[in-house]
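[1] Below are the sequence and a predicted model; questions follow.
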Amino acid sequence: MPFYEYRCESCGHELEALQKISEAPLTECPACAQPGLVKLVSATAFQLKGTGWYATDSKGSSKANPADRGGKEAPAKEASSDSHSCKTGTCPACN
């Protein structure tokens, strides 16, 4: 569950609240009991760590980026109208 930050427009009191995403925003200030709470936009401290979180990683597959392993990259395959799914020969991938 995320933390949300609020500020009261009436008294300026600020608070954090741990709420479900599906919960309605708080409206009543706990300091002055006025309905002036406004949800603030704040930076998050979200960080992904470990393997499998990068574009070059793929959930334990052995197809990792060759440059990361210190090896040479395989030559790129040319697209042809025979193997391309559109089979028209008119799209940029076919030419």
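    Yep, it's here.

[2] dump the residue contacts of Leu40.
    4-7, 14 (CB atoms under 8 Å, 6 or more residues apart in numbering). Where you see a C-beta, it was placed from the backbone N, CA and C, and this is true even at glycine.

[3] That one and Leu48: what is the separation?
    Counting by CB to CB, to the nearest Å, the separation of Leu40 from Leu48 is 24 Å.

[4] Do you have the strands of the chain handy? List them.
    3-8, 14-18, 37-39 (DSSP state E).

[5] Selection in ChimeraX covering whichever of the contacts of Leu40 are buried, please.
    To isolate the buried members of the contacts of Leu40 in ChimeraX, using 16 or more other CB atoms under 10 Å:
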select :4,6,7
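
[6] Can you tell me which of the contacts of Leu40 is nearest Glu23?
    Tyr4 (9.1 Å; CB to CB).

[7] Identify the residues contacting the closest one.
    Contacts of Tyr4 by CB under 8 Å, 6+ apart are 16-17, 19, 25-26, 39-40.
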